[in-house]
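Peer 1: All I have is the shape, not the residue letters:
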């Protein structure tokens, strides 16, 4: 039974209740918000870069482990992330996804050092390249690529480790976002209990240091692509734009390796008309920087575009326009082999 309430003056007033239309608006608002979040999650599922295993390298989160990443990768104060030496039968004692090798170059052998990211690390094109080169001579191709690496990682590896292998050729395999976004967040590294994320960037002295500035919710981070996207947006908005320094890094690599430095540019596996404005800008920035730094390079974009709609047949997965399958690896290796032979003959 409804009982009137006594106000301060002693008069009877009705209990204040929110009007029905206000309750309905609140319900509709939160229902719409929930539906929007679900739709965004479904939309982001189409983009492989927001998958957890593409963003996280080997750390525990709320008791769960990204198993294959943790088994193969570890954090590195110098490189951000690196392969664990001998963590797998295919990972050698130097942390390369390659056969075992010696630091000292074998006699009468030409050694090619390959640097790259996930488009190279677990792919077969360096092995196929070595097979083709050895039909005409004695070559050793060392695959030093690591998932998530970009321009500055290549520079650091060349400076601190790569040149120690005395390579005759240093071949850098560039994905289109390696140079334009060389100092922005592409990969999240989890630390400790998994409640903090960090990225590696230049400090005021030009050293590569981890930056830990934000606590995260491990539950949301492990389950929500939208949450992971917001985290990356937050970091990228806060970072200083150092795009102009990419040229300086390339020039330092050129100075260290001299005429031994070459590059290959891996395109996106889509037709020109399907390139977004951002895709085109990345491509132009990559080609422009390499030309300005006077680094000889092979651009594979035209090679794959000649297949027309069949370009999608070279994708590792149907929705993945970045990584190549075995068929694509074979075509890559053949093109790189022919181009390198011409460079070697010079």
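Peer 2: Cool, got the structure. The shown structure was predicted, so the numbers you read here are calculated from the model rather than taken from an experiment.

Peer 1: Now do the buried residues in the helix or strand where residue 246 lies.
Peer 2: Assessed by DSSP states H and E, residue 246 sits inside helix 246-257. Buried residues in helix 246-257, counted by 16 or more other CB atoms under 10 Å: 246, 249-250, 253-254, 257. The way it works is simple: take the backbone N, C-alpha and C, and place the C-beta from them, glycine included.

Peer 1: for the record, mean pLDDT for the helix or strand just after that helix?
Peer 2: Downstream of helix 246-257, the first helix or strand assigned by DSSP H and E is strand 261-266. Regarding strand 261-266, the rounded mean pLDDT is 98.

Peer 1: what does stretch 294-304 give?
Peer 2: 96.

Peer 1: Please state the offset of that stretch from the chain centre?
Peer 2: Relative to its chain's centre, stretch 294-304 lies at 20 Å (CA atoms, centre = their mean, to the nearest Å).

Peer 1: Kindly report the same for stretch 306-318.
Peer 2: 21 Å.

Peer 1: and the end-to-end length of it?
Peer 2: The straight-line separation of the ends of stretch 306-318 (CA to CA, to the nearest Å) is 19 Å.

Peer 1: Could I get the buried residue list for that stretch?
Peer 2: Buried-residue list, stretch 306-318, by 16+ other CB under 10 Å: 311-312, 314-316.

Peer 1: circling back: just how off-centre is the helix holding residue 246 within its chain?
Peer 2: Computed by CA atoms, centre = their mean, the chain-centroid distance of helix 246-257 equals 21 Å.

Peer 1: tally of neighbours for the residue nearest to residue 121 when sequence neighbours are not counted?
Peer 2: Nearest residue to residue 121, sequence neighbours excluded (CB to CB, 6 or more residues apart in numbering): residue 145, at 4.2 Å. The tally of other residues near residue 145 (other CB atoms under 10 Å) stands at 26.

Peer 1: Make sure residue 145 is actually in contact with residue 113.
Peer 2: No - using CB atoms under 8 Å as the test, residue 145 is too far from residue 113 to be in contact (10.3 Å).

Peer 1: any idea how far residue 296 is from residue 263?
Peer 2: Counting by CB to CB, to the nearest Å, the separation of residue 263 from residue 296 is 7 Å.

Peer 1: With neighbour numbers in mind, choose between the two.
Peer 2: Neighbour count, other CB under 10 Å: between residue 263 and residue 296, residue 263 has more, with 24 against 15.

Peer 1: quick one: contacts for the more buried one?
Peer 2: Shown in contact with residue 263 (CB atoms under 8 Å, 6 or more residues apart in numbering): 171-174, 290, 295-298.

Peer 1: Return the backbone torsion pair for the residue positioned nearest the centre of the chain.
Peer 2: The centroid of the chain falls nearest to residue 148 when counting by CA atoms, centre = their mean (3.6 Å). Dihedral pair for residue 148: phi 90, psi -10, per degrees, to the nearest 10.
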